[in-house]
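Enquirer: starting from these lines, generate the structure:
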Amino acid sequence: MQQNRKAVKEERKGDKKGRGYGKRDKAARKEKAGALKKELALTPEQETKLKTVHADFKQKATAVKNNSTLTEAQRKEQLQALHLERKTQMQALLTQEQKDRARALRKEHRSQRTGK
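Expert: Sure, this is the predicted structure:
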């Protein structure tokens with residue numbers, strides 16, 4: 001059994017699929033987004049603005065990732081700043097009730113993941 005685990009581990013070196021890394025397929029992302037939209041009761045205007053924030057973030061993040069003049073530390077720092085900017089913009093679009101509900105959903109999701 002132990003040898004089998006080691007063999008699988010060696011086989012997967014570099015392949016991070018199945019362990020929480022990587023991208024979900026589009027259908028899974030859409031399903032999650034739809035469920036979140038429903039849970040937070042987003043208005044059509046909020047949906048549109050959130051899509052714009054996400055598209056803007058994606059464009060900027062891609063530019064940072066493709067910038068070969070940056071060191072790894074600079075890239076990481078800029079991506080963290082972009083994540084914070086996106087979070088701030090998204091929070092500004094939500095009502096207090098929606099923020100509270102989103103916080104509760106994150107807490108619930110974390111407890112399911114960690115088993116706490």
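Enquirer: which residues of this protein score low on pLDDT?
Expert: 1-24, 115-116 (pLDDT under 70).
Enquirer: the helices in it, which residues?
Expert: 2-11, 26-40, 44-66, 72-93, 96-114 (DSSP state H).
Enquirer: quick one: the ones you listed as a markdown table, columns for mean neighbour count too.
Expert: For every residue, glycine as well, the C-beta is placed using N, CA and C. Listed next are the helices of the chain as a markdown table, based on neighbours: other CB atoms under 10 Å:
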| stretch | mean neighbour count |
| --- | --- |
| helix 2-11 | 8 |
| helix 26-40 | 12 |
| helix 44-66 | 13 |
| helix 72-93 | 13 |
| helix 96-114 | 11 |
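Enquirer: for residue 85, give its distance to residue 51.
Expert: Distance, residue 85 to residue 51, by CB to CB, to the nearest Å: 16 Å.
Enquirer: next one: residue 71
Expert: For residue 71, the distance to residue 51 equals 32 Å [CB to CB].
Enquirer: residue 31 now?
Expert: Applying CB to CB to residue 31 and residue 51 gives a distance of 16 Å.
Enquirer: got it, and residue 39?
Expert: Applying CB to CB, the value for residue 39 to residue 51 is 17 Å.
Enquirer: do residue 68 as well
Expert: From residue 68 to residue 51 the distance is 29 Å (CB to CB).
Enquirer: using PDB, list the CA coordinates for stretch 66-84.
Expert: Output of stretch 66-84 as PDB, limited to C-alpha atoms (Å, rounded to 0.1, in the frame of the first residue of the first chain):
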ATOM      1  CA  ASN A  66       3.300  37.700 -18.600                       C
ATOM      2  CA  ASN A  67       5.600  40.500 -17.600                       C
ATOM      3  CA  SER A  68       9.000  38.900 -17.800                       C
ATOM      4  CA  THR A  69      10.800  42.000 -16.400                       C
ATOM      5  CA  LEU A  70       9.400  41.300 -12.900                       C
ATOM      6  CA  THR A  71      11.100  39.200 -10.300                       C
ATOM      7  CA  GLU A  72       9.000  36.400  -8.700                       C
ATOM      8  CA  ALA A  73       8.700  38.500  -5.500                       C
ATOM      9  CA  GLN A  74       7.500  41.600  -7.500                       C
ATOM     10  CA  ARG A  75       5.000  39.400  -9.400                       C
ATOM     11  CA  LYS A  76       3.700  38.000  -6.200                       C
ATOM     12  CA  GLU A  77       3.400  41.400  -4.600                       C
ATOM     13  CA  GLN A  78       1.600  42.900  -7.600                       C
ATOM     14  CA  LEU A  79      -0.800  39.900  -7.800                       C
ATOM     15  CA  GLN A  80      -1.600  40.300  -4.100                       C
ATOM     16  CA  ALA A  81      -2.300  44.000  -4.600                       C
ATOM     17  CA  LEU A  82      -4.600  43.100  -7.500                       C
ATOM     18  CA  HIS A  83      -6.500  40.500  -5.400                       C
ATOM     19  CA  LEU A  84      -7.000  43.100  -2.600                       C
END
